[in-house]
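Student: Provided below are the primary sequence and the corresponding predicted coordinates.
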Amino acid sequence: MRPPTSCIGYGLGPCEVDCADHCRERVAVPGSNYYYSTVFLPAECQRPLHIMFAFKEELTAIPRTCADPGVARLKLEWWRQELAAVFSGGRSAHPVATALAELAERAAAPKTEIFAAIDAVEHDIGPLACPTFADLTAHFGRVYGGFWRIAAGIAGFDHRATPDRIADLGSAVDLSQSLQDLRIDATRGRAALPAAELSAHGIDPYDLSSPQAPGRLRPMLGVHIERLRGLLSDGIARVPALDRMRQLNTLVMANLLLVTLEEIERDGYRVSEHRLGLTPVRKLLIAWRTKRAALRR
């Protein structure tokens, strides 16, 4: 169990502040979901979470953007070696690695969990082909859950179930976000939809990258969104009341995705035509409401 003091005490020295700023600019630019997920947290809590999520984005982007599996594995191995070096007192030219080493030094992010997260990403290399929704959910939990579990520890918790429940909820957030990126992911053979259901509907996964995606995709997406909504809503409800305020960033992310799914429905499921997102003002309002709800619990 992590200290109940949340992120307080994870301050950064002058040298590390530049690296932390890089991490913030990597994931938490104004207008982004990550920005609004931490906007109501004190700076000493924002910084370590930005570092963790910058690391998550660096790693999970590798399978999504590397067409050659061999190159993807080499990049993951580079991260293993780079972090092993900085954890042993060496220096890194990569600001995310440097900032992450500072977190590990303060025991805010256990080194074993960091390396386990890298190993998990390796399961995501290559085409994404999960037959069922249950398979898809399990895959995202295996690949993304470790990052969210570390983030839960950084934020702080008292209830021993909190890290696992945040890992489940965060993985549901990533699975839901994949629907926003369906068009670009489909061009890479990585459409995050159940393969058996696509086949049953007579849909070629590569057709998903076309703005003229088959109309029969829409009913399937309606069912898919309903299941995603269930994952997110159940995940939010399962976060222990004792830790809801400290785990505010994940709760905000989940609520942002719930509203985004509603907008995708309202837009006619046109995810193969464009990427739909929420306005900054609306995101801020959702974050504020989530904080108010967490305080009431």
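Tutor: Done, it's in.
Student: Let me know the distance separating the closest residue in space to residue 268 that isn't next to it in sequence from residue 265.
Tutor: Ranked by CB to CB, 6 or more residues apart in numbering and with sequence neighbours excluded, the top spatial neighbour of residue 268 is residue 218, at 7.1 Å. All C-beta spots, glycine's among them, are computed from the backbone N, C-alpha and C. Remark: distance between residue 218 and residue 265 (CB to CB, to the nearest Å) = 10 Å.
Student: returning to what we had before: what packs against the helix or strand hosting the residue nearest to residue 268?
Tutor: The secondary structure element spanning residue 218 is helix 217-238 (assigned by DSSP states H and E). When contacts are defined as 3 or more CB pairs under 8 Å, 6 or more residues apart in numbering; DSSP states H and E, helix 217-238 sits against helix 133-155, helix 162-180, helix 195-200, helix 248-266.
Student: Ramachandran angles for the residue located most distally from the centre of the chain?
Tutor: Of all residues in the chain, residue 202 sits farthest from the chain's C-alpha centroid, using CA atoms, centre = their mean; the distance is 30.6 Å. The phi and psi torsions at residue 202 (degrees, to the nearest 10) take the values phi 70, psi 30.
Student: That one contacts residue 217, correct?
Tutor: No: using CB atoms under 8 Å, residue 202 makes no contact with residue 217, being 10.1 Å away.
Student: rewinding a little: switch the helices and strands packed on helix 217-238 over to a markdown table; also include mean pLDDT, mean neighbour count and distance to residue 223.
Tutor: Conversion of the helices and strands packed on helix 217-238 to a markdown table gives the following (pLDDT from 0 to 100; neighbours: other CB atoms under 10 Å; distance: least, CB to CB, whole Å):
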| stretch | mean pLDDT | mean neighbour count | distance to residue 223 |
| --- | --- | --- | --- |
| helix 133-155 | 97 | 22 | 9 |
| helix 162-180 | 98 | 23 | 12 |
| helix 195-200 | 94 | 15 | 8 |
| helix 248-266 | 98 | 21 | 11 |
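Student: so what's residue 264 up against?
Tutor: Residue 264 makes contact with 179-180, 221, 225, 270-271, 276, according to CB atoms under 8 Å, 6 or more residues apart in numbering.
Student: Just the buried subset of those, please.
Tutor: When neighbours are counted using 16 or more other CB atoms under 10 Å, the contacts of residue 264 contain these buried positions: 179-180, 221, 225, 271, 276.
Student: domain assignment for the chain?
Tutor: Residue ranges for the domains of the chain, per automatic domain parsing: 10-125, 127-297.
Student: mean pLDDT lowest for which of those domains?
Tutor: The weakest mean pLDDT among the domains of the chain belongs to domain 10-125, with a mean of 90.
Student: need the contact list for residue 130.
Tutor: With contacts defined as CB under 8 Å, 6+ apart, the neighbours of residue 130 are 136, 138-139, 192, 194-195.
Student: how about a markdown table for those residues, with distance to residue 103 added?
Tutor: Formatted as a markdown table, these follow (distance: CB to CB, whole Å):
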| residue | distance to residue 103 |
| --- | --- |
| 136 | 30 |
| 138 | 28 |
| 139 | 27 |
| 192 | 29 |
| 194 | 36 |
| 195 | 37 |
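Student: Which two among those are spaced furthest apart?
Tutor: In the contacts of residue 130, two members sit farther apart than any others by CB to CB. They are 138 and 195, at 13.9 Å.
Student: Flag every buried residue along the helix or strand hosting residue 281.
Tutor: Taking DSSP H and E as the definition, residue 281 sits inside helix 280-296. The neighbour-count criterion (16+ other CB under 10 Å) identifies 283-284, 286-287, 290-291, 294 as the buried residues of helix 280-296.
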